[in-house]
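Asks: What shape does this take:
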Amino acid sequence: MAGRAVGPVLIIEDNEDTREVLQLMLSLKGYETVTAGDGLEALSYLRSGGTPAIVVLDLRMPNMDGMAFQRAMRADPRWASIPVVIYSAFPPRDPEGAVGVVRKGATDPDVLLGLIDGVCRRSTH
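Replies: Numbering: from 1, shown residues only. The predicted structure is shown next:
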């Protein structure tokens, strides 16, 4: 059973189908989700007062890629402690502080769910 997150899971993914699958998968596990199509949209969500429990972050996106988003998020003390899981077909050599990296398509979805669940359980205890 999923740990109850203090806030929603923010899914930042430019591919609509992948975004919908992640949203459905997490919803079925009891998580509230919010989605953004790129880093700029995600920053807008944060600036409007949104506070996710964790971010699932794609890297290659238009407008603002995942690493630029993560650096912008970490530069602001309001969001610097929000955990990030990178979910990308092109995992980085340096995840820049992400709590985990999951390769799209090559990894069992339970690995991603396990990372999210582990982070959310720690944040509620």
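Asks: could you say what helices and strands the helix or strand of the chain with the lowest mean pLDDT packs with?
Replies: The helix or strand of the chain with the poorest confidence is helix 109-124; it has a mean of 85 (mean pLDDT, DSSP states H and E). Where contact means 3 or more CB pairs under 8 Å, 6 or more residues apart in numbering; DSSP states H and E, helix 109-124 is packed against helix 16-28, strand 54-57, strand 84-88, strand 100-103. Bear in mind the C-beta positions are built from the backbone N, C-alpha and C, glycine included.
Asks: Extract the residue ranges of the chain that are flagged as low pLDDT.
Replies: 1-6, 123-125 (pLDDT under 70).
Asks: List the residues that contact the most centrally placed residue in it.
Replies: By CA atoms, centre = their mean, the chain has its centre lying nearest to Val56, at 1.5 Å. Val56 sits next to 9-13, 22, 85, 87, 112, 116 when contact means CB atoms under 8 Å, 6 or more residues apart in numbering.
Asks: and which of the residues you listed is nearest Asp38?
Replies: Proximity of the contacts of Val56 to Asp38 (CB to CB) peaks at Ile12, which lies at 7.1 Å.
Asks: Could you grab the helix/strand/coil label for Thr107?
Replies: The local conformation at Thr107, judged by DSSP: H, G, I helix; E, B strand; the rest coil, is coil.
Asks: burial measure for it, as a count.
Replies: The local packing of Thr107 (other CB atoms under 10 Å) involves 13 other residues.
Asks: got it, and the one 3 residues further on?
Replies: The burial count assigned to Asp110 is 10, neighbours taken as other CB under 10 Å.
Asks: Cool, thanks, talk later.
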